[in-house]
Structure formats: structure tokens, C-alpha cells
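Asker: Curious how this folds, go ahead:
(one chain, ligands or ions: 1)
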Amino acid sequence: MKLLIHGAGYIGEVHLRTIKRYNLCDVAVCEMNENRLREVADLYHVEETYLTLDEALKHPFDGVIICTPNFAHKEDVKKCVNAGLNVMLEKPIAESLEAAKEIYDQCRENDKFAFVAYCLRFAAPYQKIKTMITEGKLGKVFSIRASVAGKKAISDAKTNYRTVRALGGGVISDFSHEIDYSLWFADSPVSQVKCIGNRAVHKEWDVFDTAELLIECQNDIALSIHMDFLQPYFGRTIEIYGTEGAIRWRDNESVKFYNIANETWEDIESDINWDHVYRDEVIHYLDCLENHAKPLIDEKSGYETFKVIDACTRSAEETI
Ligand SMILES: NC(=O)c1ccc[n+]([C@@H]2O[C@H](COP(=O)([O-])OP(=O)(O)OC[C@H]3O[C@@H](n4cnc5c(N)ncnc54)[C@H](O)[C@@H]3O)[C@@H](O)[C@H]2O)c1
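Answerer: This is a model prediction of the structure:
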């Protein structure tokens, strides 16, 4: 199999490093910034490189990992599916609800998929929590609370898209992993959202640097999510409450499960190995391409998540 990585910025480099380290498949790179292209090609010994997607798509590939800023996703997906390719598309699916819908339609009309790369689904704590909920270990789950924070998110990116609305930026969009996995845990359509967004520090931005999301699911699970681009420490937390048990998790710690039967907090072994997370994500994409496995997060799921991003953003912009 041969993949093209399109966009060799922060996450494009992560995927390239992963593919090379684990020798997952052949790989070529497309990057519009010539200096950056040369830098990653030299570092990871990539022989096949392109400056434009149009040029790259004249050559045969089994798939493309689209790692461009959110505002570029729609045009990039269109070109790839028109070239007959199923894509792995970095999250979130797009920069606007209209673009998200167009990507969804493009995939359906061309009978192609977009596997939306919400990578936390491949991390051990999230998989363990999902299994425990599905197995009914918590009884009836009624509350899922998550937080994600860190100013590192802004400095990681090679371009400025994370802080500009038209480019698909903002804390809600950028940290939409939390929306994706919370809805995966809740396993239910959304019935309403309420959101507060602030420019607590970055008054000059046209996007929020902090947000508090409240999401009600049709199965009466409430999701409560804090996001900020401000804290010096980059970290995530999860708390889940059910009638028969509870879960607490902080990254760098094991998942803790409150067992109602013996009234103790048990440690569930669940270290995150980030190399394995990104490795397993690409392996899943290759499995979808080669063996027609169903993408864990497809364009429909990515579009549904974007509806929540959009509704939260609109809610946060309502004023009295
Ligand atoms: N799954 C994750 O954990 C994760 C982490 C970071 C970023 N992302 C997602 O990956 C995508 C890329 O994010 P990033 O932080 O790597 O971005 P970045 O700014 O670091 O890199 C983007 C790259 O795309 C190139 N590019 C190609 N076409 C472009 C165009 N039309 N306009 C501007 N640049 C273009 C840029 O030159 C740059 O090298 C985003 O959708 C982002 O949300 C996902």
C-alpha cells in the first residue's frame, strides 16, 4: 500500500514519523511550503515529494492522509474523492457547517469514505472506559464531564489557523476530540446544547480561547465539557457518573473505577503510548482501504460532531 500525506505541518509530521518508524506502508509527502517539504523529506528519508495536491494526484496512491488546516479540508477531500480515493481526514471535518455538509455529500455521491482522525479513540483509557460503559459496569450513566486545556495547542501548529475563525480555529473546534469521545461514550443523538465562550485573555482573536459546553443527549445523559487554550499545563480529565459506579481519569494516571459492590476505587491499567495511538490509527485506515473495514469515525460521524461544534459556537455568541 502507498499513502500520500498532504500537509506536513505538526500532525502531518506525526503521521509521517509513525509510518516510517513502524514501516506501515510506502509514503509520499505533499507540502506547499518548499522549505518545510525539504526539511521533513530529509529528516524521514522521503523520496517522493510534491508541492501541490493536483500534481501529487497525477500519481497512483491507495489513500491520502489530509493534514491541512481545517479551512482547506473541503477542497482537498473533493480532489481526492474525485480522483477515486478514500481519505483519512484530520479532525475536525471542516471549518464550517456548510463545508462539513459538502464533504459528507461528496463522499456519499462518490461512494468514498472520509475516516475522520479523532485519534483519542485509539488510546487505551478511552477504549477501556467505552468498554466498561458498554458492559454496563456503571449501571445507567447520567453524567459525563470532560476537560481539556493547554496553551501548547497554539504553539504546536506551524500555521495560524487555530486562532482565526475563517480558517477553522477556536477552542471548541480545535478541542472537538472531547465532543467526539463524549458522544461515543453516550451513544446517543444530541437533543440540545448550551455554551459559554470567552476571549478570557486573547481579546484580539475572533475565536474563543475558553469554552464551557453543556450537551444533553436524547438518552438523558448530560455532557459537560471545559476547554481552554490558556493553561500552562496541557492535560485532559474525565469523570463519568452512573447509578452503579463512577469513573475518574487524569492523563498520566490510570483510570479509576468506583466499584459499588465493595465500595472501593479500583485502578484500571490504562497507560497511553502515543506512538501506539498514532500507529493504530493508521493501521485502522489501512485496514479500511485493504479489507473494507468500516471506519470507526466516518464522514457522517464527523459531520454530526461538527453540528455540535457549530451549535455550541452559535449558543456562545448569543447575547442578552
Ligand atoms: N488528531 C490530532 O491530535 C491533531 C493534532 C493537531 C492537528 N490536528 C488537525 O490536523 C490538521 C492540521 O493541523 P496542524 O496543527 O498540523 O497544522 P499546521 O499549521 O502545523 O500544518 C499545516 C500544514 O499544511 C500545509 N498546507 C497545505 N495546504 C495548505 C493550505 N491550503 N493553506 C495553508 N496551509 C496548507 C501548511 O504549509 C502546513 O505545513 C488540522 O485539521 C488540525 O485540527 C489534529
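
Asker: In stretch 125-134, which residues are buried?
Answerer: Within stretch 125-134, the residues that count as buried by 16 or more other C-beta atoms under 10 Å are 125-126, 128-129, 132-133. The C-beta positions use only the backbone N, C-alpha and C, and glycine is treated the same way.

Asker: Need the three-state assignment for residue 200.
Answerer: Using DSSP: H, G, I helix; E, B strand; the rest coil, the structure places residue 200 in coil.

Asker: Do I have it right that it meets residue 211?
Answerer: No - the criterion here is C-beta atoms under 8 Å, and residue 200 misses it with residue 211 at 10.0 Å.

Asker: now, which of the buried residues of stretch 125-134 lie within helices?
Answerer: 125-126, 128-129, 132-133 (DSSP state H).

Asker: Of residue 200 and residue 211, which one has the most company?
Answerer: Neighbour tally, residue 200 and residue 211, criterion other C-beta atoms under 10 Å: the higher count belongs to residue 211, 26 against 13.

Asker: Report how many residues lie close to the closest residue to residue 24 other than its chain neighbours.
Answerer: Spatial nearest neighbour of residue 24, chain neighbours left out: residue 282 (5.5 Å); criterion: C-beta to C-beta, 6 or more residues apart in numbering. Using other C-beta under 10 Å, residue 282 is surrounded by 23 other residues.

Asker: quick one: contacts for residue 148?
Answerer: 175, 177-178, 225-227, 235-236 (C-beta atoms under 8 Å, 6 or more residues apart in numbering).

Asker: In helices, which of the residues you listed appear?
Answerer: Reading helices off those with DSSP H, I get 177-178.

Asker: which among the contacts of residue 148 end up buried?
Answerer: Buried among the contacts of residue 148 (16+ other C-beta under 10 Å): 175, 177-178, 225-227, 236.

Asker: got the residues you listed as CSV, with pLDDT and distance to residue 121 columns?
Answerer: Compiled in CSV, these are given as follows (pLDDT from 0 to 100; distance: C-beta to C-beta, whole Å):
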residue, pLDDT, distance to residue 121
175, 98, 15
177, 98, 9
178, 98, 12
225, 98, 16
226, 98, 20
227, 98, 18
236, 97, 14
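
Asker: Can you tell me which of the residues you listed comes closest to the ligand?
Answerer: Nearest to the ligand out of the buried ones among the contacts of residue 148 is residue 177 (C-beta to the nearest ligand atom; 6.9 Å).

Asker: my read: that closest one touches residue 117, true?
Answerer: No - under the criterion of C-beta under 8 Å, residue 177 makes no contact with residue 117, lying 10.0 Å away.

Asker: Now do the shared contacts for those two.
Answerer: residue 91.

Asker: Quick one: residues contacting the residue lying closest to residue 235 once chain neighbours are set aside.
Answerer: Nearest residue to residue 235, sequence neighbours excluded (C-beta to C-beta, 6+ apart): residue 251, at 5.4 Å. By C-beta under 8 Å, 6+ apart, the contact list for residue 251 reads 125, 235-237, 272.

Asker: Check what pLDDT the residue in the stretch 1-150 of the chain that the ligand sits nearest to gets.
Answerer: Taking C-beta to the nearest ligand atom as the measure, the stretch 1-150 of the chain has residue 9 as its residue closest to the ligand, at 1.7 Å. Looking at residue 9, its pLDDT reads 98.

Asker: Let me know how buried it is, in neighbour terms.
Answerer: Counted with other C-beta under 10 Å, the neighbours of residue 9 add up to 20.

Asker: next one: phi and psi at it?
Answerer: With angles defined as degrees, to the nearest 10, residue 9 sits at phi -90, psi -140.

Asker: The nearest residue to it once chain neighbours are set aside: which element?
Answerer: With C-beta to C-beta, 6+ apart as the criterion, residue 9 has its nearest non-adjacent residue at 3.9 Å, and that residue is residue 158. Using DSSP states H and E, residue 158 sits in no helix or strand.
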